[in-house]
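1. please find the sequence and the predicted model below.
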Amino acid sequence: MAESAERDVRRRLRPAPLVFEPAEATADPEHFFDLESLEDPRELLARATELTLAFRAAADRATEFQAMAAAQLADPRRFDRLTVADVADRAQWTEDYARKMIEFGHDLIRANGRPPED
C-alpha cells in the first residue's frame with residue numbers, strides 16, 4: 001500500500017508532457033489532447049489529471065517569468081523604466097497586483113530566477 005501511495009506522489013510531481021496538437025486536430029473545437037477518444041473513465045480521469053497538473057505547472061512557471069519581466073521593466077536603474085501603472089496596463093493587471101508582481105519578481109531575481117523556499 002505504501003509503495004502505491006509513493007508511486008502516486010511521484011506521478012503527481014511529474015506533470016504530463018504537453019504535446020502540441022496537429023493543426024487539423026485543433027480546428028475541431030471538441031478535440032482536446034485526444035481526451036474525447038478515451039472511453040475508459042479511469043484512463044480519462046488519469047490523463048485529464050495529468051494534463052491539469054501540467055497546465056498548473058506551466059501557468060505557475062509563466063507567472064514567475066511575468067513577475068521577473070515586470071521587475072526588470074520597473075527597475076529604477078533602467079533609463080527607460082516603466083511605472084507601476086505602465087506595467088499594470090501592459091499586463092492587464094491592477095496597479096496593486098502589478099506592485100505585488102514586481103516585488104515577487106525582485107525576490108525571484110535575487111534568488112537567481114528560482115522561487116524562494118517556502
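-> Looks like it came in fine.

2. next structured bit after the host helix or strand of residue 52?
-> With elements taken from DSSP states H and E, the one containing residue 52 is helix 41-73. Using DSSP H and E, the helix or strand that directly follows helix 41-73 along the chain is helix 84-91.

3. what does that next one contact?
-> 66, 70, 73-74, 82, 93-95, 97-99, 101-102 (Cβ atoms under 8 Å, 6 or more residues apart in numbering). (Each C-beta comes from the backbone N, C-alpha and C, glycine too.)

4. immediately after it, which helix or strand?
-> In N-to-C order, the element after helix 84-91 by DSSP H and E is helix 95-110.

5. got the angle for that following helix vs helix 84-91?
-> 90 degrees (axes from the mean of the first three to the mean of the last three Cα atoms, to 10 degrees).

6. so what touches helix 95-110?
-> Here helix 95-110 has contacts from 64, 66-72, 74, 84-85, 87-88, 91, 93, 114-116, using Cβ under 8 Å, 6+ apart.

7. buried ones among those residues?
-> Buried by 16 or more other Cβ atoms under 10 Å: 64, 66-72, 74, 84, 87-88, 91, 93, out of the contacts of helix 95-110.

8. and the pLDDT for residue 80?
-> pLDDT, residue 80: 93.

9. swap that for residue 16, sorry
-> 54.

10. over to residue 35?
-> 85.

11. can you give me the neighbour number for it?
-> 13 (other Cβ atoms under 10 Å).

12. could you do residue 40 as well?
-> 9.

13. go on, the one 4 residues further on?
-> The burial metric for residue 44, expressed as a neighbour count using other Cβ under 10 Å, is 14.

14. so who does it touch?
-> Counted by Cβ under 8 Å, 6+ apart, residue 44 has contacts 35, 38.

15. how far away is it from residue 60?
-> According to Cβ to Cβ, to the nearest Å, residue 44 and residue 60 sit 24 Å apart.

16. now swap in residue 73 and tell me
-> Residue 73 is 21 Å from residue 60, by Cβ to Cβ.

17. quick one: which of the two has more around it?
-> Shown here are residue 73 and residue 60; by other Cβ under 10 Å, residue 73 has more neighbours (19 against 10).

18. good, wrapping up.
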